[in-house]
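Enquirer: Here's a sequence, model it:
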Amino acid sequence: MIKKTISIALASMMFMTMVHAESKYGTVNGQEITQLDIDMTMGPSGMTFETLDPAMKKRVLDMVVERKLLAAEAEKSDVAKSDDYKKQLEELKKGLLLDIWMKEKMTKIKDGISKSKVEEFYKKNSSHYSIPKKLKARHILVKGEDNATAIIKELDAAKDKKEAFIKLAKEKSTGPSGPNGGDLGWFELGRMVPEFSTAADKLKKGEYTEKPVKTQFGYHIIYLDDRKDASTKKLEEVEDSIKDELANKDFTELIKAETEKLKKSAKIELK
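Expert: Next up, the predicted model:
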């Protein structure tokens, strides 16, 4: 049963990667190392060869070389004549046939999804494609309210507010972002504690809080670098994903219906 599962899994992997033909990895006894060789060796890891570090790439290529050498040696043997080989080959063929059949069904379903159906789905589920409001801010965190008030006074007196804020953050902030000028990057309001989010959201670009903002961490002075208002992804941005979702739903229903129909006319004996 395990051998059967492995055979079918290998068939699926082979089918998905057959489009790769040219080698850019080298040869073994004149035989090219193909993308298919790489993919079969790496298996369903979720990683691509190009993203691996040099040491891991070498390890994968070494494994491919060993596999090809052993496969060539196996071809010289009588394994291909054995009943076990022939049985597993038939299972492999069946798995490949099923993969191709299912892929053709899925392609036909996806190609048949109309623009109007996609648009209708988009309108009904527009909330799924919403982009929440985001702020880009800096802060200076200190322990005492008096310390925070004193920093605000220094900012009030400065000509270049942002430059002064960055300098003061590096010098006086106790938060981990202090050495980076208090930069917090882009964040959604829900990521910060409520007191911080509320105060930051009231600011306009280039403004800072006129009074210290107290949270469980201490007293903050917040400077707003920028903001992005809430929005919704455009239809063209999500059209492909919507088609995939609709196609997957229709495909699942089709396979279920087909399976139920076949079960009714099949002789099934389970133990």
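Enquirer: CA only for contacts and neighbour counts going forward, please
Expert: OK.
Enquirer: any residues touching whatever helix or strand residue 224 lives in, and which ones?
Expert: Assigned by DSSP states H and E, residue 224 falls within strand 218-228. The contact list for strand 218-228 (Cα atoms under 8 Å, 6 or more residues apart in numbering) reads 133-145, 148, 152, 162, 165, 196, 199-200, 203-214.
Enquirer: Helices - which of those residues land there?
Expert: With helices taken from DSSP state H, the overlap with those comprises 145, 148, 152, 162, 165, 196, 199-200.
Enquirer: Between all of these, which two are separated the most?
Expert: Farthest-apart pair in these is 145 and 162; separation 21.2 Å (Cα to Cα).
Enquirer: Pop the domain breakdown of this structure in here.
Expert: For the chain, whose domains are defined here by automatic domain parsing, the residue ranges read 2-111, 115-127+233-265, 133-229.
Enquirer: Deepest in the core, which of those is it.
Expert: For the domains of the chain, ranked by mean neighbour count under the definition mean count of other Cα atoms under 10 Å, the leader is domain 133-229 at a mean of 18.
Enquirer: Any chance of the backbone angles for residue 159?
Expert: Main-chain torsions, residue 159, degrees, to the nearest 10: phi -80, psi -50.
Enquirer: could you list every residue that touches it?
Expert: When contacts are taken as Cα under 8 Å, 6+ apart, residue 159 is in contact with no other residue.
Enquirer: pLDDT score assigned to it?
Expert: At residue 159 the predicted local distance difference test score is 94.
Enquirer: so is the residue nearest in space to the middle of the chain in a helix, a strand, or just coil?
Expert: Note on the chain: the residue nearest the mean C-alpha position is residue 46, at 10.0 Å, using Cα atoms, centre = their mean. In the three-state summary, residue 46 is assigned as coil, counting by DSSP: H, G, I helix; E, B strand; the rest coil.
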